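**Student:** Curious how this folds, go ahead:
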Amino acid sequence: MKLGAFSVSLNVKDIKASKEFYENLGFEIFGGDIEKNYLIMKNENSLIGLFQGMFENNILTFNPGWDQNASNLDNFDDVRTIQQRLKSKNVKLETEADENTTGPASFLVLDPDGNAILIDQHR
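**Tutor:** Numbering: from 1, shown residues only. Predicted structure coming up:
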């Protein structure tokens, strides 16, 4: 299964303090909008999303169709294909992508310890 770019989406209390902290670790702003309370920070191939007030817990995020630079990949597994494969293995989905659509979609699963994994396709 090709899951695409990986990042950790962090629920932060103070996005400006978190931005400064991660900049001190060598991360730079890669995307997002601090005025909308979210930033994507990058250090080489490592991506961290900072999200203030958008969700309760941290999330492991995969973006099918993108590489670590948010560039489109020619060859990737569509989010609906990934979803179907997981369902065929009896993996419980918390949310599902509409399998009758194409393009952007997402679904959410929890690992055995309750960690959220978001498969989020933007194209």
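
**Student:** CA only for contacts and neighbour counts going forward, please
**Tutor:** Fine.

**Student:** how close does residue 3 sit to residue 62?
**Tutor:** 6 Å (CA to CA, to the nearest Å).

**Student:** what ranges do the strands span in this structure?
**Tutor:** Shown for the chain, the strands assigned by DSSP state E span residues 5-12, 28-33, 38-43, 46-52, 59-63, 93-95, 105-110, 116-121.

**Student:** Contacts for the last one next, please.
**Tutor:** Spelled out, it's strand 116-121. 3, 57-65, 78-79, 103-111 (CA atoms under 8 Å, 6 or more residues apart in numbering).

**Student:** Selection in ChimeraX covering whichever of those are buried, please.
**Tutor:** Entered in ChimeraX, the line below selects the buried ones among the contacts of strand 116-121, by 16 or more other CA atoms under 10 Å:
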select :3,58,59,60,61,62,63,64,65,78,79,105,106,107,108,109,110
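
**Student:** State the number of residues packed around residue 117.
**Tutor:** Neighbourhood size, residue 117 [other CA atoms under 10 Å]: 19.

**Student:** Repeat that for residue 15.
**Tutor:** By other CA under 10 Å, neighbour count at residue 15 equals 19.
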